[in-house]
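>>> Take this sequence and fold it.
(one chain, ligands or ions: 2)
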Amino acid sequence: MTQTNNNMTVNPDLAMERAKCNFNVLEVTHIFDGGERNTLQRKKIEDVALNSGASKDALGEEHMSPKEKYENAVRKSCIYATMMKNELAELSGLESFGVSSPVIRRTADAFFKEVSPFLLHLGMFVPTIMGQCTPEQQSYWLPRALDMQIIGTYAQTELGHGTFIRGLETTATYDPETEEFVLHSPTLSSYKWWAGGLGKTVNYCIVVAQLYTKGECHGTHPFIVQIRDEDTHVPLPGIKVGEIGPKMGFNTADNGFLGFDHYRIPREHMLMKNAQVLKDGTYVKVARHGKLTYGTMVFVRVVLVNEVAFNLAKASTIAVRYSAIRRQSKPKPDEVEPQILDYVTQQHKLFIAIATAHALQLCSTWLWESFSAVLAQMKGGNTDTLPEFHALSSCLKAISTSDSAHLIEQCRHACGGHGYMISSGIPNLYNFVSATRTYEGDYTVLLLQTARFLVKAYEQAEAKKPLTPTVSYLAHAFSGSRATWDNSPDGIIRSFQALAAGKTAVCVTNMRKRMRAGLSQVDAWEMSTIQLVAAAEAHCRAVIADTYRKEIVRLTANSSPNVKVVMDQLTTLYLYYWALERTGDLLMFTSVSQKDLVDLQIAYEELLLKIRPNAVGLVDAFDLRDELLHSTLGSYDGRVYERLMEEALKSPMNKEPVSDAYSKYLRPMMKGKL
Ligand SMILES: CCCCCCCC/C=C\CCCCCCCCCCCCC/C=C/C(=O)SCCNC(=O)CCNC(=O)[C@H](O)C(C)(C)COP(=O)(O)OP(=O)(O)OC[C@H]1O[C@@H](n2cnc3c(N)ncnc32)[C@H](O)[C@@H]1OP(=O)(O)O
Ligand SMILES: Cc1cc2nc3c(=O)[nH]c(=O)nc-3n(C[C@H](O)[C@H](O)[C@H](O)COP(=O)(O)OP(=O)(O)OC[C@H]3O[C@@H](n4cnc5c(N)ncnc54)[C@H](O)[C@@H]3O)c2cc1C
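Ligands and ions are numbered 1, 2, ... in the order given. The predicted model follows:
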């Protein structure tokens with residue numbers, strides 16, 4: 001049944017799929033990685049980090065108790081952190097390890113089926129030191145944090161407030177007598193809640209608190225706070241800290257709670273890049289823009305687009321490979337059972353996941369470059385591009401995390417019953433990615449931030465004022481006629497822009513009507529929020545479609561003909577899919593006819609068939625090592641049934657022929673002696 005390929009025994013259906021693939025897989029890997037150089041560097045990092053076998057567990061994480069799981073995750077985090085400080089730092093070209101390398105972050109996934117308790121240290125504590133400290137503060141804290149002499153987290157959310165940062169209750173009151181801030185948690189709802197690593201791992205954290213000085217509140221500001229002894233790790237007096245308990249995912253991240261009882265920290269521990277408190281208690285605002293203290297969140301939102309693209313690539317790899325080896329049903333009685341990948345409905349579930357992973361990956365690179373440009377301008381004191389970037393990063397974070405979570409779940413559906421096994425790898429991916437829709441700004445809340453920007457941009461367009469690049473399409477919103485439908489890629493993208501413009505126009509019109517009818521501006525806004533969220537979503541889809549298309553055209557300019565074809569097919573599939581998902585909107589805001597939509601559906605179905613022979617090649621091109629997939633269903637060799645059985649046999653339940661539960665409960669009940 002099986003055949004050997006590069007010394008590996010490969011399932012024959014997978015081998016057949018690979019033989020059928022008509023494009024150069026490595027070329028597509030380079031596109032996904034952002035160039036051949038990046039692929040080579042990634043592979044080197046993976047070789048060093050993974051070939052030693054240090055990422056492997058003798059017993060699967062899923063069979064450990066919560067305490068064992070946590071301790072194992074700390075053990076492996078320390079191994080990985082040491083690698084990052086030594087051999088990996090050099091390989092990734094970083095002067096000091098960590099913060100800018102998504103490859104290092106992704107490689108870490110081989111070590112953790114859930115997440116590392118150090119994630120917040122590297123993902124938010126270090127970036128906050130880099131983004132919110134003065135140069136003097138940074139020169140003190142950054143080397144210690146990068147060297148992991150101290151480990152930190154980001155404690156902003158409280159029991160009572162996560163979204164509404166201005167509503168946080170923790171106070172930091174300046175005492176000029178001692179030149180200290182007094183941190184205090186005045187209520188139960190003011191307890192910090194959720195910060196990753198806080199429960200047991202970290203000894204420092206960034207605490208966001210309401211700053212009071214000279215009797216006046218100046219709003220929320222970040223402070224660096226020691227919470228545990230650097231030697232004994234015992235919580236310091238005045239600190240109440242612990243772990244918050246089991247969650248859907250993140251169970252190796254010891255998310256924690258934290259309360260302060262008049263806990264004192266030195267004045268210098270306020271992060272003073274954007275605002276300062278002088279020795280006498282005078283408050284000095286330094287930043288030109290009021291929201292710069294939200295900078296770490298913006299950074300993580302940008303990173304998350306890349307993060308979810310990677311996780312979606314993993315889920316689609318698992319589901320497509322499994323669908324190639326799985327045979328089920330007999331539509332043609334004289335033929336063998338087909339691979340489930342041959343069912344068009346299966347292709348409909350899966351190919352959009354592959355295309356979305358590409359779309360989000362390319363958008364994330366583009367977003368990162370835009371972010372770097374905004375940061376460079378801000379260094380020169382210019383914050384003009386920040387509002388547009390905040391609107392953009394907010395909607396991309398919301399839509400990328402939401403789409404990825406939905407599509408990962410769809411990949412699970414595509415794997416039938418076996419997809420429900422933890423060993424398939426998909427449940428852990430889903431649990432991780434579904435949290436990204438909530439944290440770092442909930443989906444609805446972030447889309448409403450984008451909507452705020454869209455409405456302002458619409459009013460500018462109405463007044464014939466200049467528009468920023470991502471909303472320049474709004475200038476055409478006042479032609480009075482519906483956008484002309486045309487099913488070319490550019491035509492579909494123009495239609496998506498017309499939807500976003502049309503929906504924004506409807507929101508503005510309705511809000512104005514409501515205000516004329518007597519509602520306040522706030523109430524008129526509130527009553528329109530369902531439509532505002534829809535407008536922001538439409539805007540984001542137009543941005544993703546436009547960016548994906550432009551980037552793929554640019555990146556395949558010198559590709560071989562078949563790579564160009566398959567990349568074009570995927571992009572077109574993405575556009576057709578979303579046009580068909582939004583037929584009602586297209587009928588409202590463009591000239592599309594019923595016949596156009598029927599034709600589009602046929603074209604979409606034909607496209608699925610064209611992509612079908614290359615499906616396994618496309619997921620192979622993500623080049624995800626088995627160690628990263630953690631999957632019985634998705635491994636490169638396709639030995640699915642063998643792996644499922646091997647994993648089942650590892651279950652501690654199979655250690656004894658008869659369970660203790662038999663003599664304790666079953667037998668007495670069956671014998672009528674309970
Ligand atoms: C070593 C072992 C292995 C380790 C393995 C790791 C290896 C690592 C290797 C490398 C590391 C690389 C890095 C890896 C990173 C990996 C990923 C990181 C994952 C981290 C996991 C994170 C876990 C979760 C953390 C959190 O959730 S932290 C808490 C986040 N909280 C939020 O996001 C709260 C959301 N709320 C808000 O943002 C705001 O409150 C608000 C909703 C925006 C409203 O704010 P408010 O002040 O009330 O403003 P408004 O009145 O609404 O608006 C006024 C005005 O301001 C504008 N505005 C708002 N925000 C911003 C902004 N951010 N920037 C600019 N402008 C902003 C807004 O638009 C308004 O403008 P206008 O008045 O002009 O309309
Ligand atoms: C796994 C995980 C890890 C986390 N890690 C950290 C961490 O390390 N550090 C940290 O500080 N925080 C962390 N968080 C907290 C996270 O940032 C918050 O949970 C998140 O920002 C959402 O805030 P909330 O929980 O207050 O939700 P809420 O704001 O209470 O949201 C509940 C519902 O109300 C809706 N809603 C709220 N406000 C509005 C509004 N204005 N308009 C319309 N609808 C609204 C939301 O859309 C949502 O549906 C983590 C959370 C999770 C799940």
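>>> from here on, contacts and neighbour counts on C-alpha atoms
OK.
>>> which parts of this structure sit against ligand 2?
Residues of the chain lying close to ligand 2 (C-alpha under 6 Å from any ligand atom) are 154-157, 161-163, 194-196, 250, 435, 438-442, 444-445.
>>> mind redoing it with 5 Å?
154-157, 161-163, 194-196, 439-441, 444 (C-alpha under 5 Å from any ligand atom).
>>> I'd like to know which of these are part of strands.
154-155, 194-195 (DSSP state E).
>>> Check the stretch 401-550 of the chain for the residue nearest ligand 2 and tell me.
Distances between the stretch 401-550 of the chain and ligand 2 by C-alpha to the nearest ligand atom are smallest at residue 439, namely 3.9 Å.
>>> ok so, going back, could you identify which of the ones in strands among the residues of the chain next to ligand 2 has the most neighbours?
residue 155 (30 neighbours; other C-alpha atoms under 10 Å).
>>> Identify the residues contacting residue 369.
Contacts for residue 369 (C-alpha atoms under 8 Å, 6 or more residues apart in numbering) come out as none.
>>> least trustworthy helix or strand in this protein by mean pLDDT?
strand 3-5 (a mean of 47; mean pLDDT, DSSP states H and E).
>>> returning to that earlier point: any chance of the residues of the chain next to ligand 2 in JSON lines, plus pLDDT?
As requested, the residues of the chain next to ligand 2 are exported to JSON lines (pLDDT from 0 to 100):
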{"residue": "154", "pLDDT": "98"}
{"residue": "155", "pLDDT": "98"}
{"residue": "156", "pLDDT": "98"}
{"residue": "157", "pLDDT": "98"}
{"residue": "161", "pLDDT": "98"}
{"residue": "162", "pLDDT": "98"}
{"residue": "163", "pLDDT": "98"}
{"residue": "194", "pLDDT": "98"}
{"residue": "195", "pLDDT": "98"}
{"residue": "196", "pLDDT": "98"}
{"residue": "439", "pLDDT": "98"}
{"residue": "440", "pLDDT": "98"}
{"residue": "441", "pLDDT": "98"}
{"residue": "444", "pLDDT": "98"}
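>>> and those, which are buried?
154-157, 161-163, 194-196, 440-441, 444 (16 or more other C-alpha atoms under 10 Å).
>>> Quick check: phi and psi at residue 215.
When read as degrees, to the nearest 10, the backbone of residue 215 gives phi 80, psi 0.
>>> what about it, how many residues close to it?
10.
>>> so how far is residue 221 from it?
16 Å (C-alpha to C-alpha, to the nearest Å).
>>> Close to ligand 1: what parts of the stretch 351-500 of the chain are there?
Proximity of the stretch 351-500 of the chain to ligand 1, by C-alpha under 5 Å from any ligand atom, involves residues 390, 439-441.
>>> hmm, which two among the residues you listed are most spread apart?
Within these, 390 and 439 form the most distant pair, 16.2 Å apart (C-alpha to C-alpha).
>>> Can you list the low-confidence ranges for the stretch 1-150 of the chain?
1-7, 92-100 (pLDDT under 70).
>>> Flag every residue of the chain that's near ligand 1.
77, 81, 98-99, 105, 119, 122-123, 163-165, 294, 390, 439-441.
>>> Give me the buried subset of those residues.
Buried among these (16+ other C-alpha under 10 Å): 77, 81, 98-99, 105, 119, 122-123, 163, 165, 294, 390, 440-441.
>>> For those residues, give me CSV that also has distance to residue 502 and secondary structure.
Formatted as CSV, those follow (distance: C-alpha to C-alpha, whole Å; DSSP: H, G, I helix; E, B strand; the rest coil):
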residue, distance to residue 502, secondary structure
77, 49, helix
81, 50, helix
98, 44, coil
99, 41, coil
105, 40, helix
119, 41, helix
122, 42, helix
123, 38, helix
163, 29, coil
165, 32, helix
294, 31, helix
390, 22, helix
440, 29, coil
441, 26, coil
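>>> if we take those residues, which one ends up nearest to residue 130?
Distances from residue 130 to those, taken by C-alpha to C-alpha, are shortest for residue 99, at 9.8 Å.
>>> Where does the prediction get shaky in the stretch 551-674 of the chain?
For the stretch 551-674 of the chain (pLDDT under 70), the answer is none.
>>> Packing partners of the helix or strand where residue 139 lies?
Element membership for residue 139, per DSSP states H and E: helix 135-146. In terms of contacts (3 or more C-alpha pairs under 8 Å, 6 or more residues apart in numbering; DSSP states H and E), helix 135-146 is packed against helix 126-132.
>>> packing partners for the helix it packs on?
helix 135-146, helix 295-325.
>>> Of those helices, flag the one that's most buried.
Here the criterion is mean neighbour count by mean count of other C-alpha atoms under 10 Å, and of the helices and strands packed on helix 126-132 the winner is helix 295-325, at a mean of 25.
>>> ok now it, how far from the chain's centre?
Put simply, helix 295-325 sits 7 Å off its chain's centre (C-alpha atoms, centre = their mean, to the nearest Å).
>>> next one: stretch 212-226
31 Å.
>>> All the strands of the stretch 251-400 of the chain, residue numbers only.
256-260, 263-266, 275-277, 283-285 (DSSP state E, counting those that start in this stretch).
>>> Please identify the most buried of those strands.
strand 256-260 (a mean of 23).
>>> Report the strands that pair with it, each with its relative direction.
Here strand 256-260 is paired, per DSSP bridges, with strand 192-195 (antiparallel), strand 239-243 (antiparallel).
>>> Wait, residue 222 touches residue 271, no?
Yes: the pair residue 222 / residue 271 is scored as a contact, 5.8 Å apart, by C-alpha atoms under 8 Å.
>>> out of these two, which sits in the busier spot?
Comparing residue 222 with residue 271 by neighbour count (other C-alpha under 10 Å), the higher total belongs to residue 222, at 28 against 24.
>>> what's the angle from whichever strand or helix holds the more buried one to strand 239-243?
Taking DSSP H and E as the definition, one finds residue 222 inside strand 216-226. With axes from the mean of the first three to the mean of the last three C-alpha atoms, to 10 degrees applied, the angle from strand 216-226 to strand 239-243 works out at 60 degrees.
>>> same for strand 216-226, what does it pack against?
Checking 3+ C-alpha pairs under 8 Å, 6+ apart, strand 216-226 ends up next to strand 204-213.
>>> The strand it packs on: partners in the sheet, and parallel or antiparallel?
strand 152-155 (parallel), strand 171-175 (parallel), strand 216-226 (antiparallel).
>>> looking at the helices and strands packed on helix 126-132, which is closest to residue 282?
Per C-alpha to C-alpha, nearest to residue 282 of the helices and strands packed on helix 126-132: helix 135-146, 19.2 Å.
>>> now the closest one: how far from the chain's centre is it?
With C-alpha atoms, centre = their mean, you get 28 Å for helix 135-146.
>>> residue contacts, the closest residue to residue 8 other than its chain neighbours?
Spatially, and ignoring its direct neighbours in sequence, residue 8 is nearest to residue 637 (7.0 Å; C-alpha to C-alpha, 6 or more residues apart in numbering). Counting by C-alpha under 8 Å, 6+ apart, residue 637 touches 8-11, 14.
>>> redo that, cut-off 7 Å
Contact partners of residue 637, counting by C-alpha atoms under 7 Å, 6 or more residues apart in numbering, are 9-11.
>>> same question, residue 154
120, 124-125, 195, 205-207.
>>> tell me the secondary structure for residue 43?
helix (DSSP: H, G, I helix; E, B strand; the rest coil).
>>> Near it, how many other residues are there?
Neighbours of residue 43 using other C-alpha under 10 Å come to 15.
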